[in-house]
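Chemist: using only what follows, build the 3D model:
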Amino acid sequence: MAVISSLNDVFKNIQHVEKIDERLFRSFDPHMGGAFILTRVFGGQSVAQSYLVGRKLFPAHCINKLEITFLGPGQTNLPIDYYVEDFGSSNGILCLIAKQKEKILFKCFLTYVSSPSSVLRAFNANMRYPEDVDPPNSYLSIETIVDMGPPDSEARERFKKVSKRLLFDLRPVDPGHFAGFSGELRPVITWCRLATSLHGVDIPEPIFIVMLISDYLVFQPAKILHDTFNRSEEYQTGSSLNHKIWIHHYDIDPYGFFLCVNDCELIDQSRPLLTGRIFDERKRCIATFIQESFIQKQSSQEKAKL
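Modeler: As a prediction, this is how the structure comes out:
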């Protein structure tokens with residue numbers, strides 16, 4: 001029987017990327033499982049670990065943009081090798097290719113600059129904090145909301161099964177909308193903080209948390225869109241195709257709350273175009289991101305994996 005690693009152990013492990021040589025870095029298993037298939041590597045881990053590799057290569061620089069194209073699913077029980085394809089490029093761009101047993105998982109481009117100030121000058125400062133949003137402690141956590149519901153509800157039972165493995169404490173500003181009951185098409189706004197059970201774990205690179213968050217709630221607006229038009233059966237499983245994120249601030253508290261504003265611009269041929277902004281408690285826009293995903297009905301093979 002396979003050993004199920006604790007969330008604490010997995011979270012510690014995915015923050016460690018070992019340098020094998022000048023052009024190869026390795027992340028040993030176990031890895032963080034995805035939302036749809038627990039044995040498939042969480043896309044947010046891929047984004048965050050690519051950032052770690054870039055920081056190890058250029059510790060004196062700031063990575064201000066990361067663009068990743070997923071080519072195949074990764075397994076949570078095998079090491080991931082990060083190959084540096086373009087090292088020390090004079091144009092400030094680094095290319096990584098991630099593999100498992102010679103199978104290519106994704107390709108990543110990172111853009112780096114010499115200082116945070118040059119990052120801020122490169123972006124439009126009009127990243128407005130949403131109106132009518134109160135501090136995070138004004139809202140109930142999803143766990144509390146579910147516990148307040150009927151004791152025999154399906155939602156409550158499902159949550160109980162995964163509650164000990166939730167990476168983040170989620171506090172939706174509008175729980176009804178978050179759950180898809182509002183019937184409205186508007187952004188999903190959620191306060192998000194690293195699970196309190198993980199607050200004792202050291203986080204050497206604070207932006208690592210922002211990278212994880214950017215892919216954690218990204219599918220929620222697409223789910224709401226399907227629910228609103230009574231087409232939920234078309235949205236049963238999904239995966240990230242490509243993910244692009246810009247970092248605007250680096251002086252953050254990785255254990256603090258972040259406000260996530262997620263939206264779905266459109267869905268074309270089962271491919272949602274998803275956008276998002278991440279704010280800190282100081283109301284600064286820390287990051288913006290955009291993702292193209294793929295959604296489909298769940299196959300019998302995938303159901304067996306769950």
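
Chemist: the helices in the stretch 201-306 of the chain, which residues?
Modeler: 207-214, 220-228, 300-305 (DSSP state H, counting those that start in this stretch).

Chemist: can you tell me which of these is most buried?
Modeler: Highest mean neighbour count of the helices of the stretch 201-306 of the chain: helix 207-214, a mean of 26 (counted as mean count of other Cβ atoms under 10 Å). Yep, even glycine has a C-beta here, placed from its N, CA and C like the rest.

Chemist: elements contacting that one?
Modeler: helix 43-57, strand 237-247, strand 258-268, strand 271-280, strand 285-296 (3 or more Cβ pairs under 8 Å, 6 or more residues apart in numbering; DSSP states H and E).

Chemist: so what touches that helix?
Modeler: Contacts with helix 207-214, where a contact means Cβ atoms under 8 Å, 6 or more residues apart in numbering, come from 15, 44-45, 47-48, 51-52, 63, 66, 167-168, 192, 194, 203, 243, 245, 247, 250, 252, 254, 258, 260, 276, 278, 286-287, 289.

Chemist: quick one, which of those residues are buried?
Modeler: Using 16 or more other Cβ atoms under 10 Å as the burial test, the contacts of helix 207-214 include 15, 44-45, 47-48, 51-52, 63, 66, 167-168, 192, 194, 203, 243, 245, 247, 252, 254, 258, 260, 276, 278, 286-287, 289 as buried.

Chemist: with distance to Cys264 and mean pLDDT as added columns, please give the helices of the stretch 201-306 of the chain in JSON lines.
Modeler: Listed next are the helices of the stretch 201-306 of the chain as JSON lines, based on distance: least, Cβ to Cβ, whole Å; pLDDT from 0 to 100:
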{"stretch": "helix 207-214", "distance to Cys264": "15", "mean pLDDT": "96"}
{"stretch": "helix 220-228", "distance to Cys264": "4", "mean pLDDT": "78"}
{"stretch": "helix 300-305", "distance to Cys264": "22", "mean pLDDT": "39"}
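
Chemist: closest one to Met148 among the ones you listed?
Modeler: Smallest distance to Met148 across the helices of the stretch 201-306 of the chain (Cβ to Cβ): 20.5 Å, for helix 220-228.

Chemist: just how off-centre is the closest one within its chain?
Modeler: 18 Å (Cα atoms, centre = their mean, to the nearest Å).

Chemist: angle of it against strand 285-296?
Modeler: Going by axes from the mean of the first three to the mean of the last three Cα atoms, to 10 degrees, helix 220-228 is angled at 50 degrees with respect to strand 285-296.

Chemist: can you list contacts of helix 220-228?
Modeler: With contacts defined as Cβ under 8 Å, 6+ apart, helix 220-228 is touched by 177-178, 180, 182-185, 187-188, 190, 232, 234-235, 238, 262-264, 267, 272, 274, 293, 295.

Chemist: what subset of those is buried?
Modeler: Counted by 16+ other Cβ under 10 Å, the contacts of helix 220-228 give 177-178, 180, 182, 187-188, 190, 235, 238, 262-264, 267, 272, 274, 293, 295 as buried.

Chemist: partners of Gly33 in the sheet?
Modeler: Under DSSP bridges, the beta-bridge partners of Gly33 are Val41.

Chemist: please enumerate the helices of the stretch 51-200 of the chain.
Modeler: Counting by DSSP H, counting those that start in this stretch, the stretch 51-200 of the chain has helices at residues 116-121, 142-147, 154-162, 175-178.
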